[in-house]
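Colleague: please work out how this folds:
(one chain, ligands or ions: 1)
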Amino acid sequence: MNEFVRSLEARSSLGFRAVASDITGARPPVRVRDSKEWNFDAELQALEEAYEQNGSPVAVNFRSLVPLGSGVDRATHLFHSYPAKLLLNIPLFFINCNKYSLPNSVIYDPFSGSGTVLVEALLAGRRAFGADANPLARLIAAAKTTHINADVISAALDAIVSDIDPFYRAPFTTTIKKDIWFSENTFHSLGALLYSIRKNTTGDVLTFMEACFSSCVKRLSVSDPRLSVPVRLKGEALSKHILSTPTAIELFVKVVVANCARLAKMPAGCASMIHTDARQEQAEGTIQADLIITSPPYAGAQKYIRASSLSIGWLGLAPSDRLRDLEKLNIGREHFCKSEFSEDTQFPLTKAREILAKIRSINPLRAHIANVYLREMNDAAHAIVSRLKQHGHLILVIGDNMICGRPFPTSQFIKEIFTNNGLSIVLELIDDIRSRGLMTKRNKTAGTIEREHVIVFQKR
Ligand SMILES: C[S@@+](CC[C@H](N)C(=O)[O-])C[C@H]1O[C@@H](n2cnc3c(N)ncnc32)[C@H](O)[C@@H]1O
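Modeller: Prediction:
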């Protein structure tokens, strides 16, 4: 291990050697199982009984049902930040109910984001499949769910660090304006680091290293760390931030060491990202899921591509370097030209039509965003249901929001959309969102989402 890595390792509480011995003590590396065997069948039965008796959603607190504190560093969940991550307690609970899935069952998340459901599926010994429109999300999810021996990561880190040429000037995409987001020094060291990563690694190790690199990018930029979408810091906040910014290599080594320790807690094997759009129809002979768990996007709620733009720019993940082309794939997107929303076709759900008409009288663009969202969720529902086995369950986690100061009951619409596509509701739960740091108020007339509906459907 080279001197630089060793000196950082000595300062880090998660030393490489301790990490390496965890999984290399017994060779060949054995399947590392979740240390606790969870089983929530009894709790599920009690919830089902309460739902049957009342016929209305049952209030739950998933943080009490699954006693893990919020923000817990479990396996690879904290590998990389991502907007509106799903509370891990929710998939952990449902995946570990034998009624819904058994070891080796197929679990699918069509809006898998950074892979929270996929990680829990693998930890429970299930097979994990995902899809997401954001290329950065797919990279993070792949890195979090692909087991790599710690010795291999350690050797690759040595090679990367010893081969960095500080005078190397990386070619850079035009996706983002580098001068706005990075100091000259940071920009050059990030370029030299990425060049060395790509020169010295391939395959799964390259994916792991690029995801770690991405995890450093926003922290090293001059954007406000409290916001998910990049917003440049100003004045005193900017000066303070620059003074406290570590060097690119120092931060990268720390991130690699910490993520290597996290990855050591994942079982051998990996999740498969099967496509890039939840609306993609099932092809002949492809997988059918026993259980689908997902938290879909909201209408105009999260700017996933904007939030990922600094990493997308560095890693060259946008086709033709244009973020707009990636945004077009996103359900819930906000950018439309006027010509697109002057001729809206009416959405088929009567209740939605009334609400959309009221929103349209206040703000035609907001009405168009909501209308397109419902139409595209309807297309996604059709494709998602086709990927579910007969008698299989689908669990949707979704909240209601406000549009133009009016309640927009997304969960009601989503329920109707999925029942129209052939599913029956067998359970509905409501949990208060107490700490979703990235759920920010988006514009003056859009409220924050405060309660999550967890709706369980079955294909009968
Ligand atoms: C609420 S987030 C999911 C977060 C995820 N559960 C996690 O824990 O990281 C919704 C995701 O839907 C994705 N998305 C939006 N439109 C999509 C589409 N057409 N097909 C697949 N994914 C899409 C977004 O990129 C985003 O990652």
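Colleague: going forward, measure contacts between C-alpha atoms and count neighbours the same way
Modeller: OK.
Colleague: doesn't L238 lie inside a strand?
Modeller: No - counting by DSSP: H, G, I helix; E, B strand; the rest coil, L238 falls outside a strand, being helix.
Colleague: neighbours around it, how many?
Modeller: For L238, the neighbour count with other Cα atoms under 10 Å is 14.
Colleague: contacts only, for it.
Modeller: Neighbouring residues of L238 by Cα atoms under 8 Å, 6 or more residues apart in numbering: V222.
Colleague: so what pLDDT did it get?
Modeller: We have a pLDDT of 95 for L238.
Colleague: and the gap between it and S223?
Modeller: For L238, the distance to S223 equals 8 Å [Cα to Cα, to the nearest Å].
Colleague: what does I90 give?
Modeller: Taken as Cα to Cα, the span from I90 to S223 is 31 Å.
Colleague: tell me the residues of the stretch 51-200 of the chain that contact the ligand?
Modeller: 82, 84-86, 110-116, 131-134 (Cα under 6 Å from any ligand atom).
Colleague: measure the residue nearest to A383 when sequence neighbours are not counted to the ligand for me?
Modeller: Distance criterion Cα to Cα, 6 or more residues apart in numbering; nearest residue to A383, sequence neighbours excluded, is E281 at 4.8 Å. In this view, E281 and the ligand are 12 Å apart by Cα to the nearest ligand atom, to the nearest Å.
Colleague: what comes up buried for stretch 224-240?
Modeller: For stretch 224-240, burial by neighbour count (16 or more other Cα atoms under 10 Å) applies to D224, P225, S228, V229, P230, L233.
Colleague: ok now that stretch, how far from the chain's centre?
Modeller: From the chain centre to the centre of stretch 224-240 is a distance of 23 Å (Cα atoms, centre = their mean, to the nearest Å).
Colleague: circling back: from the residues of the stretch 51-200 of the chain next to the ligand, pick the one nearest A271.
Modeller: Nearest to A271 among those: G115, at 9.0 Å, using Cα to Cα.
Colleague: after whichever strand or helix holds G392, next one along is what?
Modeller: Assessed by DSSP states H and E, G392 sits inside strand 388-399. Past strand 388-399, further along toward the C-terminus, the next helix or strand under DSSP H and E is strand 401-403.
Colleague: which residues are contacting the next helix or strand after that following strand?
Modeller: The first helix or strand that comes after strand 401-403 along the chain, using DSSP H and E, is strand 406-408. The contact list for strand 406-408, computed with Cα under 8 Å, 6+ apart, reads I355, I359, D400, N401, M402.
Colleague: got the buried residues for strand 406-408?
Modeller: Neighbour-count burial for strand 406-408 [16+ other Cα under 10 Å]: F408.
Colleague: from the contact counts, what lies against the very next helix or strand once past it?
Modeller: Remark: after strand 406-408, the chain's next helix or strand is helix 410-420, criterion DSSP H and E. Packing partners of helix 410-420 (3 or more Cα pairs under 8 Å, 6 or more residues apart in numbering; DSSP states H and E): helix 364-386, strand 388-399.
Colleague: out of those, which comes closest to K265?
Modeller: Nearest to K265, of all those, is strand 388-399, at 25.9 Å by Cα to Cα.
Colleague: follow-up on the earlier one: the ligand is nearest to which of the helices and strands packed on helix 410-420?
Modeller: Between the ligand and the helices and strands packed on helix 410-420, the tightest spacing by Cα to the nearest ligand atom is seen for helix 364-386, at 7.4 Å.
Colleague: check contacts around the residue nearest to A383.
Modeller: Listed by Cα under 8 Å, 6+ apart, the contact partners of E281 are H382, A383, I384, S386.
Colleague: nearest to I369 among those residues?
Modeller: Using Cα to Cα, the contacts of E281 come closest to I369 at H382, 20.2 Å.
Colleague: dump the residue contacts of the residue nearest to the closest one when sequence neighbours are not counted.
Modeller: Among residues not flanking H382 along the chain, N421 sits closest, at 6.0 Å (Cα to Cα, 6+ apart). Neighbour list for N421: A381, H382, V385 [criterion: Cα under 8 Å, 6+ apart].
Colleague: any chance of these in a markdown table, with pLDDT too?
Modeller: What follows is these, written out as a markdown table (pLDDT from 0 to 100):
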| residue | pLDDT |
| --- | --- |
| A381 | 97 |
| H382 | 96 |
| V385 | 96 |
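Colleague: dump the residues you listed into a markdown table; add distance to P267 as well.
Modeller: Shown next, in a markdown table, are these (distance: Cα to Cα, whole Å):
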| residue | distance to P267 |
| --- | --- |
| A381 | 31 |
| H382 | 33 |
| V385 | 29 |
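Colleague: just the closest of these to L291, please.
Modeller: Relative to L291, the closest of the contacts of N421 is V385; by Cα to Cα it sits at 10.8 Å.
Colleague: any idea how far that closest one is from T76?
Modeller: Using Cα to Cα, V385 is found at 29 Å from T76.
Colleague: and R333, by the same measure?
Modeller: 28 Å.
Colleague: do L310 as well
Modeller: Between L310 and T76 the distance, using Cα to Cα, works out to 22 Å.
Colleague: what of I305?
Modeller: 22 Å.
Colleague: and the chain, what are its domains?
Modeller: In the domain annotation for the chain, the residue ranges read 3-30+148-263, 41-134+271-459 (automatic domain parsing).
Colleague: I'd like those domains as a markdown table, with distance to A142 appended.
Modeller: Output for the domains of the chain, formatted as a markdown table (distance: least, Cα to Cα, whole Å):
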| stretch | distance to A142 |
| --- | --- |
| domain 3-30+148-263 | 7 |
| domain 41-134+271-459 | 7 |
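Colleague: lowest mean pLDDT across those domains, which one is that?
Modeller: Looking across the domains of the chain, the weakest by mean pLDDT turns out to be domain 3-30+148-263, at a mean of 83.
Colleague: need the strands for the protein, in chain order.
Modeller: 58-59, 106-109, 127-131, 272-275, 289-294, 388-399, 401-403, 406-408, 423-432, 451-459 (DSSP state E).
Colleague: what's the angle between the fifth one and helix 364-386?
Modeller: Same thing as strand 289-294. 160 degrees (axes from the mean of the first three to the mean of the last three Cα atoms, to 10 degrees).
Colleague: elements contacting strand 289-294?
Modeller: strand 106-109, strand 388-399.
Colleague: excluding chain neighbours, what is closest to whichever residue of the stretch 151-300 of the chain sits closest to the ligand?
Modeller: Residue of the stretch 151-300 of the chain nearest the ligand, by Cα to the nearest ligand atom: D277 (3.4 Å). Nearest non-adjacent residue to D277, counting by Cα to Cα, 6+ apart: A133, 5.4 Å away.
Colleague: and for L263?
Modeller: That would be T76: by Cα to Cα, 6+ apart, it lies 5.8 Å from L263.
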